[in-house]
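K.L.:
After the sequence you'll find the predicted model.
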Amino acid sequence: MSNDSDKPNNKAEKPRRSQLSYGKLDKDGFIHRSWMKAQGYPDHVFDGRPIIGICNTWSEITPCNSGLREIAEYVKRGIWEAGGVPLEFPVTSLGETQMRPTAMLFRNLLAMDVEESIRGNPIDGVVLLGGCDKTTPGQLMGAASVNLPTIVVSSGPMLNGKFRGRDIGSGTDVWKFSEAVRAGEMSQEDFIAAESGMSRSRGVCMTMGTASTVSNLVEAMGLCLPYNGSIPAVDARRQAMAHMSGREIVRLVRDDVRMKDIVTKDSLINAIKVNAAVGGSTNTVMHLLALAGRLEIDLQLEDFDRYSRDLPLLVDLMPSGRFLMEDYHYAGGLPAVMKKIAGFLELSAATVSGVSLGEQIEHAECYNDDVIRDIDNPVKENSGIWVLRGNLCPQGAIIKPNAASPELLNHTGRAVVFESIEDYHARKDLPELDIDEHCIMVLKGCGPKGYPGMPEVGNMALPKKLLEKGIKDMLRISDARMSGTAFGSVILHVAPEASAGGPLAVVRDGDLIEFNGEARSLNLKISDDELQARLEVWHANKPAPTYHRGYAKLYVDTVLQADQGADLDFLVGGSGDEVSRESH
Ligand code: FES
């Protein structure tokens, strides 16, 4: 690694973008430098060496990212060591477990914040520090629209949860404990006692939930150093990796290797395949579609089914399996997984390490074949995401078959309809609710526009009277999302959503719904004429908008449907990094 701080980048003859501010000898240069010197920087800091932004989502109300303030210090060590200058800046932080009505409503707001913070400031490259579910996707989307050299350092997973002598998983065991309490199998006292045992350290959920899935997909896309997806948050090796990431981003700036040089269609397809092999979250469908939109890469909803259907599920982690993220890292992490599925991957894809993906995983080893199975002994033969079509979801819907009950993957049943999440909460446990285990629970009003923000409520808990009968799973359909830590036979992301006038809006109690997983079809068993007539009535009486101001109105007015990643329509694509006008 060169330490030649005065050398401009190799590809471009023009000076670094930071020099458009700090390299000027006039009044504007004075202003840019002088106010920065208030922080104690000597003259040579502005002599043309790479200026690296550290985009930090640290927050005490985003507990999963609460270790990132310390991680930033290790990134800075690496940047200084390599001859760059680190400048840390805060952006909106989104705590999945804390924000109402749902953190997803604000993912695009974070993306706007990240995009304009990067573009507006005199930096040459950026390190994205994120972790909790929506933080990394929002940062990736924003950074993609600017396209500077970019590297990701994630929070890393919490230590394994422990309760009464056994491992418990973030989220996954919350849903199980909650249903056990409702079924009378667990006391309220034990339920509360499990809280501290579940979250024992800083870091993201230690199941293969959305956060760990996304950090693994970032690794699969080559946007971070190896093992970023698995080193525990509090393991000193994460600090060392952060240090090395600081060194790498300086090299990326010197070589002018930008985000679009790393993330290509091939790397997105690699990510889809890795998502299948690790049993990743359904939420990544939306995030990868939105990221592809920012990068102007043609990625379609069907690609998730097409590229993942032959992949085996190798990683035996909750929610699909038994183990947790600590076990996964000690077993070899993502490099070990990718080595095992190397035959499915595009190994020539680039990485921020400066080597190809194939070279990066060449010497990877697996140290525990129970946690990361061999390809001839998978957890399940076919993994991935199924993409459904039919008159109930003309623009698509998805299901994660490895989290579902096999007998429900081909099922016809009577619809029991909840018009909103409030309707569901009010009626789900009423003794008179006309429902049995063969019925299909249908939830409306939880899509991007409807809630708004598309919350993780698609895995509706079963009615109490069915839990008491010992029923553990039913087919459920909604326009909502599902937590990456959740499980069950749950059809999600129905598009168009009910609040946008999709056919889901006109499903009635007692209608028959047919789901044929093998055929990837989801149909409401009424005639076309009947469906059309119901939709006409719905449109004539559609509810008035409930948001009249602020970001939520902007979101509801402009958000795209789930099959397009739920970005705001005017944010698709990018504006690059150039800002020609001065500030004074
Ligand atoms: Fe933040 Fe799970 S709630 S990662």
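P.N.:
Yep, that arrived.
K.L.:
what residues does the chain put near the ligand?
P.N.:
Counting by C-beta under 6 Å from any ligand atom, the positions of the chain adjacent to the ligand are 64, 96, 97, 132, 133, 170, 204, 205, 209, 211. Quick note: C-beta positions are derived from backbone N, CA and C, even for glycine.
K.L.:
quick one, what contacts the first one?
P.N.:
If I follow you right, that is residue 64. Residue 64 sits next to 95, 96, 131, 132, 155, 158, 202, 203, 204, 205, 211 when contact means C-beta atoms under 8 Å, 6 or more residues apart in numbering.
K.L.:
For it, give me the pLDDT.
P.N.:
For residue 64, the pLDDT comes out at 98.
K.L.:
Can you report phi and psi for it?
P.N.:
Here is the backbone geometry of residue 64 (degrees, to the nearest 10): phi -60, psi -20.
K.L.:
which non-adjacent residue is nearest it?
P.N.:
residue 132 (3.8 Å; C-beta to C-beta, 6 or more residues apart in numbering).
K.L.:
what separates the closest residue to residue 46 other than its chain neighbours from residue 194, distance-wise?
P.N.:
Closest residue in space to residue 46, ignoring its immediate chain neighbours: residue 22 at 4.1 Å, by C-beta to C-beta, 6+ apart. Residue 22 sits 53 Å away from residue 194, going by C-beta to C-beta, to the nearest Å.
K.L.:
same deal with residue 361?
P.N.:
According to C-beta to C-beta, residue 361 and residue 194 sit 37 Å apart.
K.L.:
And stretch 462-473, what's buried?
P.N.:
Neighbour counts over stretch 462-473 (16 or more other C-beta atoms under 10 Å) mark 462, 463, 464, 465, 466, 467, 473 as buried.
K.L.:
Same list, these, but as JSON lines with secondary structure and pLDDT please.
P.N.:
Shown next, in JSON lines, are the buried residues of stretch 462-473 (DSSP: H, G, I helix; E, B strand; the rest coil; pLDDT from 0 to 100):
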{"residue": "462", "secondary structure": "coil", "pLDDT": "95"}
{"residue": "463", "secondary structure": "coil", "pLDDT": "95"}
{"residue": "464", "secondary structure": "helix", "pLDDT": "92"}
{"residue": "465", "secondary structure": "helix", "pLDDT": "94"}
{"residue": "466", "secondary structure": "helix", "pLDDT": "95"}
{"residue": "467", "secondary structure": "helix", "pLDDT": "91"}
{"residue": "473", "secondary structure": "coil", "pLDDT": "95"}
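K.L.:
Pick out the least confidently modelled helix or strand of the chain, by mean pLDDT.
P.N.:
Least confident helix or strand of the chain, by mean pLDDT, DSSP states H and E, is helix 172-182 with a mean of 90.
K.L.:
which parts of that helix are buried?
P.N.:
By neighbour count with 16+ other C-beta under 10 Å, helix 172-182 contains the buried residues 172, 173, 174, 175, 176, 177, 179, 180, 182.
K.L.:
do the same with stretch 404-423
P.N.:
With burial defined by 16+ other C-beta under 10 Å, the residues of stretch 404-423 counted as buried are 404, 408, 409, 411, 413, 415, 416, 417, 418, 420, 421.
K.L.:
And the furthest pair within those residues?
P.N.:
The most widely separated members of these, counting by C-beta to C-beta, are 409 and 420 (27.6 Å).
K.L.:
about what we covered before: check whether the residue nearest to residue 64 sits in a helix, strand or coil.
P.N.:
Under DSSP: H, G, I helix; E, B strand; the rest coil, residue 132 falls in the coil class.
K.L.:
residues touching it, list them.
P.N.:
Contact partners of residue 132, counting by C-beta under 8 Å, 6+ apart, are 57, 62, 64, 65, 93, 94, 95, 96, 103, 155, 204, 211.
K.L.:
If you rank the residues you listed by neighbours, which is first?
P.N.:
residue 211 (36 neighbours; other C-beta atoms under 10 Å).
K.L.:
Tell me the spacing between that one and residue 447.
P.N.:
Residue 211 is 23 Å from residue 447, where distance means C-beta to C-beta.
K.L.:
ok, now residue 163?
P.N.:
When residue 163 is compared with residue 447 (using C-beta to C-beta), they lie 35 Å apart.
K.L.:
With neighbour numbers in mind, choose between those two.
P.N.:
Taking other C-beta under 10 Å, residue 163 and residue 447 do not tie; residue 447 has more neighbours (29 against 17).
K.L.:
which non-adjacent residue is nearest that one?
P.N.:
residue 497 (2.5 Å).
K.L.:
if we can go back for a sec, show me what the least confident helix or strand of the chain is packed up against.
P.N.:
With contacts defined as 3 or more C-beta pairs under 8 Å, 6 or more residues apart in numbering; DSSP states H and E, helix 172-182 has these neighbours: helix 188-198, helix 464-468.
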